[in-house]
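Visitor: Sequence unavailable; structure follows:
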């Protein structure tokens, strides 16, 4: 049976924020699969960005390309919890412009 009420949330963040984000969004109903909670995946990725004049970067300097490592945290979330979960991630996340990708899933 096809169920399209699930979404994958991808969050790029420093390793030191993973546990805090997981604990807080788990309380709101994300990260659950059947009889399990805190279900997640995370792995180190390389990335880059260049802060523009108006930016207030967490790392890096205005006008200079910054190369660094961060983690991609992935969790599953039911549609009914999605807005509250994304709002909570934004409240916790240290970046001025966090990357939070929300991808609709087809779960069989």
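Guide: Received it, and whenever you're ready, just let me know what you need. Quantities reported herein were computed from a predicted structural model and do not represent experimental measurements.
Visitor: can you list contacts of the longest strand seen in the chain?
Guide: Taking residue count as the measure and DSSP state E as the definition, the longest strand of the chain comes out as strand 66-78. With C-beta atoms under 8 Å, 6 or more residues apart in numbering as the test, strand 66-78 has contacts from 5-15, 18, 21-22, 25, 29-33, 39-51, 57, 59-60, 85, 105. C-beta coordinates here come from the backbone N, C-alpha and C atoms, glycine included.
Visitor: got any ranges where this protein has weak pLDDT?
Guide: Along the chain, the model assigns pLDDT under 70 to residues 1-3.
Visitor: mind listing the strands for it?
Guide: 3-13, 41-49, 66-78, 100-107.
Visitor: Can I get these in TSV including mean neighbour count and distance to residue 91?
Guide: Output for these, formatted as TSV (neighbours: other C-beta atoms under 10 Å; distance: least, C-beta to C-beta, whole Å):
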stretch	mean neighbour count	distance to residue 91
strand 3-13	17	13
strand 41-49	11	19
strand 66-78	16	15
strand 100-107	12	12
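Visitor: Of those, which is nearest residue 90?
Guide: Relative to residue 90, the nearest member of the strands of the chain by C-beta to C-beta is strand 100-107, separated by 7.2 Å.
Visitor: who's in contact with the residue nearest to residue 24 when sequence neighbours are not counted?
Guide: The shortest distance from residue 24 to any non-neighbouring residue, by C-beta to C-beta, 6 or more residues apart in numbering, is to residue 88 (5.4 Å). Residue 88 is in contact with 24, 25, 28, counting by C-beta under 8 Å, 6+ apart.
Visitor: Which of those fall within helices?
Guide: 24, 25 (DSSP state H).
Visitor: contacts for stretch 27-44?
Guide: Outside stretch 27-44, the residues that reach it (C-beta under 8 Å, 6+ apart) are 9, 15, 18, 22-23, 25-26, 69-78, 80-81, 84-85, 88.
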